[in-house]
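Chemist: Sequence first, then the predicted structure:
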Amino acid sequence: MRPNVHVNWTWFTFVMPYCSPSVNATLYRQLIGGLIYLTYTKLDIFYAISYLSRFMHEPKKAHWIMAKHILRYIHGTDDYGLEYKKNNKFILSRYIDADYGGSLDDRRLMTGYVFFLGSRTISWDSKKQSITSKYTIES
């Protein structure tokens, strides 16, 4: 993005997708599929790609613009990376999180976890639950 340009992400994320025209769904699916493949090595784009993949059945111009924004981000950060150093401490640790009804589209629960062995990520997952709960206690 250009410096000194402010983007109203609330409008861009929640209003524009519903009033923008449709785009070629095949091209959009190919782009998102390639970006999903790229998340194996670039974990920092995972949430954005998982959000955009929700609209593969009927993508709008706003979703296409967001996907192109991610491509520009990847191009600007292609020299970034993770460096794993040899470490004698192989401690298994885990982090788990849940977002109760944080999706404004359908109010479904999003859960995720990540496992580390020392400083290395060995497993991670994120999943949107298939049912909607009335109360947090039911989740």
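Modeler: Now that the structure is in, tell me what you want to look at. Numbers count the residues shown, from 1 in each chain.
Chemist: Just the residues contacting stretch 20-35, thanks.
Modeler: Applying Cβ atoms under 8 Å, 6 or more residues apart in numbering, the contact partners of stretch 20-35 are 45, 49, 52-53, 56-64, 67, 70-71. Yep, even glycine has a C-beta here, placed from its N, CA and C like the rest.
Chemist: Just the buried residues of that stretch, please?
Modeler: In terms of neighbour count (16 or more other Cβ atoms under 10 Å), stretch 20-35 has its buried residues at 23, 28, 31-32, 35.
Chemist: thinking again about what came up before, for the contacts of stretch 20-35, which one is nearest L109?
Modeler: Comparing those against L109 with Cβ to Cβ places S53 closest, at 17.6 Å.
Chemist: what kind of secondary structure is the closest one in?
Modeler: Here S53 is helix, with the state taken from DSSP: H, G, I helix; E, B strand; the rest coil.
Chemist: quick one: contacts for it?
Modeler: S53 is in contact with 32, 36, counting by Cβ under 8 Å, 6+ apart.
Chemist: Perfect, that will be all.
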